[in-house]
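Novice: can you look at this prediction? I've put the sequence above it.
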Amino acid sequence: MNHASPDQPVAPAAAHVRRRSLFVPTGLLGAIGLAAWMGGAASASCDYSARFSLDNLQFQSVQVVTAFPAVIDPAKGTIKRVCGAPLKDENGDLLPGETDAEPNGLELTVNLVSTDLNNRKIVPKCPGDRDFGIKEGERIEFQPLSTSSELATIAPGHFKMELECFEGYTGTTGAPACAAGAVKSVQPAKAVKFRREALRCDKADPETWQNVAVVVDHSGSTSGFISIDQKKCDESTKFAEDLPGQVVNSDFKACASDPHSQIVEGAKQLIDALNAQDRVLAIGFSEKQQVYASCTDDVVCQRDVAGTIEIKEGACTTDNECAARHGTAGGWRCGARPDQSKASVPNMPPDDQLTFCWGNAGAKKAYNKYGIEVLSKYEGTGRSAVYESIQTAYDFLKKFPLPPPHPEKRGNAKHIVLLTDGPDTCTPGDNFTFTSIPTPGKPGGQCRKECSFTTTRYRTLLAKMAQDGFPVHVHVIQMQSRGKLLPDPTLQELACRSEGTFQMINSAAFNRSEQQAWIESMARAILKIRYALAGSWRVGFVDNGVKSEPKGQIRAVRGRMKFSNNLFVSLESVFKDGVETDWRFEELDSQRDARLTFRVACKSNEDCGGGSECGIGSCSAEGMCRAEAAPDLLPCGPNGKSVCCKGVCAAKCDGACK
């Protein structure tokens, strides 16, 4: 349903926007990376009143990160995300904090971003602070940012959404902007709040440091190992990752979801973007390597001489160290030894690997950053153990000994940042391929089992996090795979429930021979997560059209959000039209689609048309309405002891596979 409230004033039609200039200085991205773009090792004060009262900082950008359905109470000024079907205990009662209410609008997660923190006039509490995100209580143009009713420089009336429509999301670009008859409107915000996760960094206060597990997809689809029964990748109707020997398409590289290794580059950029005090751990996953610490302690100075890697013994942590030791003209850089011949991490037990790689020392950051490069960049294979990897990261962060966050100041924030190209394909579900596909010398129809090492199912993971009160925030960046164009609803729900963020990169539409769109899109997504780690602004827009949106479908909201306050002169340049900015959620050009995706989960088969449990028009465990029958052999019925078979829940399914 296309919708914009007719009782709101009609907004002028959006002008065609050319990519005239970018907030992202694209020339820097490939050469010197995200850290240099953000100011590198530039220092800035981390004391609210001191830094922002003495430095005339301005607004540089307003980033709309993600959208979630929400219940918004304008009278109380509250916003509560509605992430999926309400969770209940074994007696059918709602778990604490759950609501059965229907959403009446959208929550937009927003980052307010300041100009460069250079030229400070005081000694910073956290040298090299790379967090340009503006928190409540800080000052811009000498004005304190506050939602207090006494001095509200940030109030609902300062935010407006220029809504074009809600529309179905197919994962492809080039569709007309909203269906004919859609009514454009201006929607004023009805609530705004700042959700704090930690105070600004103070090197003397560990509670202000971020704790981040970066989880990297190294499964087969990233490099093109996808079992498909068509000759062209874009004709694939299956998303059945497999090991290389089982791939049907011989030109598998053309099927790669990540031909320019932006999942790996994004993970490395995030590590570079963290403050020196922030702790980090890199985790990779694939069916062949299972879930592993994507980290190495075999990091040395090296250079490429006519295709041969020359090594200088002695540990390093940065390229600058190598240049200082061996000269700036020699092309020396710091990196993992390619053959890992002297690495000790692989010889450790799995739990010891995670503990060894975790930390904030320069060496630990290098171990993770360069480990991702050498262990997770090339030849991803097998299926995606997404849930198992999230469970591994969650268990590690949860047991890490930190006091609980302060009820007001927060602190000790724990985050999982998942970079993937699709859903979990290791455990039974609607995305699981239960039957093998014919390959040379092997007939099709062989029963396909879940990955041998996986023990985590989605509902189990969700219940565990809910029982714990979601102490770890999950942030997801999902790139498209040729076989999976839509956002994964389970990852949307995990991000929503854990107060995290979800971003979709429509990379399947990118020109594969031109990598700039890939680089820009990933760098932007990483920055949005980086600036949200310590806290983000939540802006609530009441729109009853959300309540009437089709349930159990991936939807997209197309439009723009603007923030205005006459106290801040710098906002004029932030919202200057004709310049590409992060407050627009629409198709930016012929390749990049910045629309915000969301879904209102179905709660029952009646929400989907009343189909039978396994049939068309039924509600899946992921909260999606089925447009086709559930896959044969999917568990169904009481306690999952029956199986779906040709759209019916049955005791068995003869002939489904051998």
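Specialist: Cool, the structure landed. Because the structure is predicted, anything quoted here is derived from the model rather than measured.

Novice: quick one: the helices in the chain, in order.
Specialist: With DSSP state H, the ranges of helices along the chain come out as 26-37, 48-54, 220-223, 262-273, 319-326, 350-357, 362-375, 386-399, 458-468, 489-497, 516-532, 545-548, 571-574.

Novice: where among those is average confidence lowest?
Specialist: Comparing those by mean pLDDT, the weakest confidence falls on helix 26-37, with a mean of 36.

Novice: contacting residues around residue 61?
Specialist: For residue 61, the contacting residues are 23, 111, 113, 574, 581, 582, by Cβ atoms under 8 Å, 6 or more residues apart in numbering. Placement of C-beta: from N, CA and C, glycine included.

Novice: these in strands, which ones?
Specialist: Per DSSP state E, strands hold the following members of those: 111, 113.

Novice: mind putting the helices of the chain in TSV, mean neighbour count and distance to residue 333 included?
Specialist: Output for the helices of the chain, formatted as TSV (neighbours: other Cβ atoms under 10 Å; distance: least, Cβ to Cβ, whole Å):
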stretch	mean neighbour count	distance to residue 333
helix 26-37	16	12
helix 48-54	18	34
helix 220-223	30	24
helix 262-273	25	13
helix 319-326	16	5
helix 350-357	17	21
helix 362-375	23	10
helix 386-399	22	29
helix 458-468	16	39
helix 489-497	25	34
helix 516-532	24	19
helix 545-548	18	50
helix 571-574	16	36
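
Novice: between the ones you listed, which gets nearest to residue 284?
Specialist: For those, the distance to residue 284 is smallest for helix 362-375, at 6.1 Å, taking Cβ to Cβ.

Novice: packing partners of that closest one?
Specialist: strand 211-217, helix 262-273, strand 279-286, strand 299-305, strand 333-336, helix 350-357 (3 or more Cβ pairs under 8 Å, 6 or more residues apart in numbering; DSSP states H and E).

Novice: between the longest one and strand 211-217, how many degrees?
Specialist: What it means is helix 262-273. 160 degrees (axes from the mean of the first three to the mean of the last three Cα atoms, to 10 degrees).

Novice: can you put the contacts of residue 61 in CSV and add distance to residue 653?
Specialist: Shown next, in CSV, are the contacts of residue 61 (distance: Cβ to Cβ, whole Å):
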residue, distance to residue 653
23, 53
111, 49
113, 54
574, 57
581, 52
582, 48
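
Novice: which of the contacts of residue 61 scores worst on pLDDT?
Specialist: Out of the contacts of residue 61, that is residue 23, at 39.

Novice: select, out of the helices of the chain, the one closest to residue 65.
Specialist: Closest of those to residue 65 is helix 516-532, at 4.6 Å (criterion: Cβ to Cβ).

Novice: on that earlier part again, possible to save the helices and strands packed on helix 362-375 as CSV with distance to residue 191?
Specialist: Formatted as CSV, the helices and strands packed on helix 362-375 follow (distance: least, Cβ to Cβ, whole Å):
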stretch, distance to residue 191
strand 211-217, 29
helix 262-273, 30
strand 279-286, 33
strand 299-305, 48
strand 333-336, 47
helix 350-357, 40
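
Novice: looking at those, which is closest to residue 594?
Specialist: Per Cβ to Cβ, nearest to residue 594 of the helices and strands packed on helix 362-375: helix 262-273, 16.4 Å.

Novice: quick one, what contacts residue 484?
Specialist: Counted by Cβ under 8 Å, 6+ apart, residue 484 has contacts 221, 239, 421, 422, 423, 431.

Novice: ok, the contacts of residue 61 vs residue 462, which is closest?
Specialist: Distance to residue 462, by Cβ to Cβ, is smallest for residue 111 among these, at 26.6 Å.

Novice: on that earlier part again, nearest to residue 293, out of the helices and strands packed on helix 362-375?
Specialist: Across the helices and strands packed on helix 362-375, residue 293 has its closest neighbour in helix 350-357 (3.9 Å, Cβ to Cβ).

Novice: so which elements touch the closest one?
Specialist: Contact analysis of helix 350-357 by 3+ Cβ pairs under 8 Å, 6+ apart lists strand 279-286, strand 290-293, helix 362-375 as its packing neighbours.
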